[in-house]
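Participant: Sharing a model prediction with you, sequence too.
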Amino acid sequence: MSKAEIEPKLAGIMSEIAEVEGIVAFDPKGNVISGQTIGGDDVKKIAKAASDLLPRLTLLGSSIQKGGPREITIGLTKGYAFVAYGSKYSVLCFVGEDAKTQLGLISRHIKGIVK
């Protein structure tokens with residue numbers, strides 16, 4: 001999927017799910033393909049941090065003999081982050097602490113983009 005195809009999908013998630021505070025698509029090296037946040041967060045920093053998780057998650061999956069990572073939901077002190085990993089690109093989305101009930105919907109939308 002190209003950047004031109006990804007951008008409207010990310011924008012659609014942000015407009016459809018009001019609780020989404022940011023969404024970033026990035027390649028395996030952590031380079032931003034497309035991203036936007038409502039608070040002006042540094043999408044390059046976000047993409048790099050999310051891509052840096054992948055080797056550790058791969059090690060964990062292999063240590064417990066469950067394979068490589070496909071997705072991860074992270075509970076944080078002020079919200080949640082969801083990352084879906086793909087072979088060509090991945091997508092991270094983050095929300096505030098009041099949006100826990102939206103994580104399933106967010107997951108479904110993002111996995112549809114990454115598949």
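Facilitator: Received the coordinates, thanks.
Participant: in this protein, what spans have low per-residue confidence?
Facilitator: Along the chain, no part satisfies pLDDT under 70.
Participant: Could I get the full set of helices for the chain?
Facilitator: When assigned using DSSP state H, the helices of the chain occupy the ranges 3-16, 43-63, 103-114.
Participant: Buried deepest among those helices, which one?
Facilitator: Using mean count of other Cβ atoms under 10 Å, the stretch among the helices of the chain with the largest mean neighbour count is helix 103-114, at a mean of 17. Bear in mind the C-beta positions are built from the backbone N, C-alpha and C, glycine included.
Participant: by how many degrees do that helix and helix 3-16 diverge?
Facilitator: Between helix 103-114 and helix 3-16, the angle formed by their directions is 170 degrees, by axes from the mean of the first three to the mean of the last three Cα atoms, to 10 degrees.
Participant: helices or strands up against helix 103-114?
Facilitator: helix 3-16, strand 20-26, strand 71-76, strand 79-84, strand 90-96 (3 or more Cβ pairs under 8 Å, 6 or more residues apart in numbering; DSSP states H and E).
Participant: Which among these is found nearest to Ser62?
Facilitator: Between Ser62 and the helices and strands packed on helix 103-114, the shortest gap by Cβ to Cβ is with strand 71-76, which sits at 15.2 Å.
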